[in-house]
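Enquirer: Attaching a predicted model along with its sequence, questions to come.
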Amino acid sequence: MAIRGERGGTLRRNRTLVRTERGQAATPMIKKEKRKLTPWVVYSKIITFWAPGFLLAKLGKMPDPGMQQAWREKIALVSLIVLICGAVVYLTIFLPMTFCPQSVAKFQSNIFELGDKSGDGNVIGIQGKAYSTAQAKWQSKLDFTPIPGQDMTPYFSVPMPKSCTSSKLKNFRAAQFDVCKSNNGNNGCPLGDVDKAIKDNNFKAMDKRPIGYDWSDVKPGFFVINGHVLNLTPYLLTVNKSPSQDMLDEAIFAAANNSLVDASLLFQRTSSMKAAADCLIDRFLAGELAKDTPGCFAVNLFNYAALAVIGGIVLTRFFMAVIFQYFLSWQLVRRPPRSKVRPLSYNAAAPWNGKKPQTGGATANLGKGEDDELFTVMLVTCYSEGEDSIRGTCDSLCNTDFSDARKVLFIVADGIITGSGNDRSTPDICVDLIEQEESFKDPQPCSYLAVAAGAKQHNMAKVYCGYYRVGKRRTPALVVVKCGAPTEQEAPKPGNRGKRDSQMILMNFFSRVIFNERMAPLDYDLFRKIHHLTNQTPDVFEIVLMVDADTKVYPDSLRLLVNCMHNDKLIMGLCGETKIANKRDSWVTAIQVFEYYISHHLSKAFESVFGGVTCLPGCFCMYRLKAPKDNGWVPILTKPEICQEYSQNVVETLHERNLLLLGEDRFLSTLMLRNFPARKMMFMPQAICKTVVPDEFKVLLSQRRRWINSTVHNLMELVLVRNLCGAFCLSMQFSIFLDLVGTVALPVAIVLTYILIVRACMTTYNSVSAYLPLAMLIMVLFLPAVLIFITTRKWIYVAWMFVYLLALPIWNLVLPTYAYWHFDDFSWGETRKVHGEGKDKGHGDEGGHFDASSVPMKRWEDYERKRLRSIKRKERKEIDDSSSYQLPLVDDSANAGLLKNSVEDSMYYESHPGYSFLDESSSASVQESSNGTLGNNYRAPTSSSHHQQQQFQHQQQYEMQAYGQGQQGMQYSAYDDYGAQQPQQGPGGGMQYAAYDDYNQQMSQQQQQQSRQRPGGPRDYH
């Protein structure tokens, strides 16, 4: 490895990576300062007033106030979901019934419009009704040909209706006036009595269809009363347009002379005028106004707007998803040109980058790797999976088309547990997968701060170091076994803290490395072993690929995802397509095949156009640890704000618990979008993996409960982010809002879908508008089939689509309803079962008091100084033992934050693999290591005071050469130029070491021998 720069020989705190992309931090989703009485809490208490606390404690078995409040908030959320579902039902079904009753709507759709020649044209209007004259036998000849729908009522003698005989109308001339006079414009009533004429002339009624008039058809002599078109031309001609002095005539002539088309208000002033209106309608009705009522017009306008919005969104998503997959995604996955390949990134200001690092013990020659291959950590989180699943995942990762020199396999075993059906514990399975380095073969547990509450915040883990071999590939690998603190070794699952804690081990480690912040002992152990395996310090790593232990990655997937990171510097997160490996195992797996396909190729592809994929699946996703910006680098996944919020261990409200305890993958995606709204979260369909999905319905029910509840709460957070990509209806924020409403309305959506199907079968299609609901239904249900042909061209997915459609009641009714009623269930349920485990209560349970001193936090240079002191002390001790002179064995591990005497030798052995330890009783010597890091052999002289003095002088010269004088001589390891204190001349000619004179007690040979004996073996995780 090339020298990164020369520095002095002392360890000091330096300026590290500049945090240039801070700006104004996003408002934390999990607030530390809790307000006891918020509007939401008040609403939850009001809506559940009927359930006092003592009843919940006695009958509901919820003695804890937190459980009671979670239940109240669940009821409050369910009530809001019911309101939203009720609003959707009302707008869809009852809104038309309210403002446009079925009788009105049916009447309007049955009208025969005046002048309509679409049929045979042989239609006339009599008293507002349509009659066919195609087979008429005219008894009296007319001197004209009626236009289709023409009002022929004035040509007939109409009997006086009963409505005109009311005593209220005795003073109104128009109510009693006989219009069958020769001066009525028609030469009387030539066709005779209306009922007899209809029969004699063989006029056929057309299913009581009314004659419809447009506003333009209302000519002088016609006017409208309450939607009815009246023809008073015969009356006006008969009375010679001379009105009488009664109120009715004044209204008639006012409407006729002033061309007042709609005279409804003139007939609403008195009860007599209202009665007169009924009389005129019965006598002079010519037809109906062929226009929607205001209520029907508003309902139709709303329906058209809703159809336009929904149809526009469906079509927009479809076409944008196709455009992304055909044009945009291929531009991102191609091999980057040299101009986009940046030089190796590292923290030049960190103290470990001042000298040429040397590991002194890495056994594999990994090569150099390609320049466009970013250093990548492949994180595999394991819980209760079997050996075949874990091995298959690791094999697929190590077989990817990516140099072994540029990737590290990082396996985390979440606790000492045995999965259901396994004969060995998960840590045993994971450790057996790698070829351990001899120099690190028996690690000791190291403390770290876990994501938990109470005493569980203190956790310990062992780091196994070696190489994962598959075929001719040999990939550097670390296995982190969370074994738990000493106080929990009798617990059912010691060390288990959940998947989020496993991710935080990696995120916190790289965040502390990038900023050179204080480290926990586990972080320092990871630092040394990554450096040992790769010959690189961890700050060169830029990418983390997160994969579940039951997922198999395609060989080119890693390379394609890294290419995307190269080609677009704004991409901070990526995911590929997840296919189902066990699709034919049962009906439960079969109904999930198309659901997985459409969620990726339609939903995520559409979101990728905006760069805002709302959920990167935890089974297969990639994040940047840091990103290039200008001439420097900025933290992304390692940003302290993200690490801090993602590692929240105290969650109190129902909202916080659903965010953090159920869907950590979606929560992390939400965090990234909130903190970096200008950066991109993308989906790459070319990168593919296969995973195992639940094959039993109870497991699917438990999984989807977590996913649906987590989705609802995360979308509630994302919909408040205003500066996402897009504007108005074509924005990510609007799309997220529709997703939120659509998610909570799923139970009624399937019911309305079936109602729409029934209505579509019963509708008489006599207009274009009648086809719109049917067209929308067909588009929503079968447009994905077109997407299948365009994207995959695998017709088998059409068959999977029909399987999915048959299971729609399960997806849209059963699963959401079950999930919403279990908003206060924060366990993983049946998803991951452990042998002998009861009901899971989650990882956030409190218990005991956390002692912060149990997890010491030191900077890297402090740990390193401690390690170098241990090396010096060991060398002096071996020399002194061989000369029969023994200095006090000191132990300053308390000051350095490392392990105590029981692991002192192992810490030395693991941190400096170039040395070999010899028994105290033998002739101790420091042998030259295989890579030549030690230049001389020191053998102890004979036992005499003269020889002792010479030995001390020689030792003094040795230390001065190795630690501070810059002389040619001893090179210890990657860090031996830092910080060893020089021996000083003590009184009486003896040597006094300033760093160690706080300890005066000598250890006996037996105590020293016991201190080297580490309990157990590689399977002793406690």
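Expert: That came through, no problem. Source: prediction; values computed, not measured.
Enquirer: In three-state terms, label the closest residue to Pro96 other than its chain neighbours for me.
Expert: Counting by Cβ to Cβ, 6 or more residues apart in numbering, Pro96 lies nearest to Val299, which is 4.9 Å off, once chain neighbours are set aside. Using the backbone N, CA and C atoms, a C-beta is placed for each residue, glycine as well. Using DSSP: H, G, I helix; E, B strand; the rest coil, the structure places Val299 in helix.
Enquirer: which non-adjacent residue is nearest Phe324?
Expert: For Phe324, the closest residue by Cβ to Cβ, 6+ apart turns out to be Ala605, at 4.8 Å.
Enquirer: Just confirm Cys279 contacts Cys164, I think it does.
Expert: Yes - using Cβ atoms under 8 Å, Cys279 is in contact with Cys164, at 4.0 Å.
Enquirer: Count the neighbours of the residue nearest to Pro96 for me.
Expert: Using other Cβ atoms under 10 Å as the criterion, Val299 is surrounded by 20 other residues.
Enquirer: same deal with the one 3 residues further on?
Expert: Applying other Cβ under 10 Å, we find 14 residues neighbouring Phe302.
Enquirer: That one: what secondary structure?
Expert: Going by three-state DSSP, the secondary structure assigned to Phe302 is helix.
Enquirer: Distance check, the spatially most central residue of the chain against Phe734.
Expert: Geometric centre of the chain, nearest residue: Cys615, 2.6 Å, by Cα atoms, centre = their mean. For Cys615, the distance to Phe734 (Cβ to Cβ, to the nearest Å) stands at 18 Å.
Enquirer: do the same with Lys204
Expert: Distance, Lys204 to Phe734, using Cβ to Cβ: 55 Å.
Enquirer: mind listing what Leu379 touches?
Expert: Applying Cβ atoms under 8 Å, 6 or more residues apart in numbering to Leu379 gives the contacts Phe410, Val412, Ser502, Gln503, Leu506, Val544, Leu545, Met546, Val547.
Enquirer: For these, give me TSV that also has pLDDT and secondary structure.
Expert: Output for these, formatted as TSV (pLDDT from 0 to 100; DSSP: H, G, I helix; E, B strand; the rest coil):
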residue	pLDDT	secondary structure
Phe410	97	strand
Val412	96	strand
Ser502	94	helix
Gln503	95	helix
Leu506	96	helix
Val544	97	strand
Leu545	96	strand
Met546	96	strand
Val547	95	strand
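Enquirer: Show the backbone phi and psi for the spatially closest residue to Pro521 that is not a sequence neighbour.
Expert: Nearest residue to Pro521 in three dimensions, chain neighbours excluded: Cys446, at 4.0 Å (Cβ to Cβ, 6+ apart). Main-chain torsions, Cys446, degrees, to the nearest 10: phi -120, psi 140.
Enquirer: My guess is Cys446 contacts Arg528. True?
Expert: No - look at Cys446 against Arg528 with Cβ under 8 Å: they stay out of range, at 10.8 Å.
Enquirer: Can you classify Lys690 as helix, strand or coil?
Expert: Quick answer, by three-state DSSP: Lys690 is strand.
Enquirer: which residues does it form a beta bridge with?
Expert: Beta-bridge partners of Lys690, counted by DSSP bridges, are Lys552, Lys579.
Enquirer: ok, it - how many residues close by?
Expert: Residues near Lys690, counting by other Cβ under 10 Å: 20.
Enquirer: Quick check, it in contact with Asn582.
Expert: No - applying Cβ under 8 Å, one finds Lys690 not in contact with Asn582, separated by 9.0 Å.
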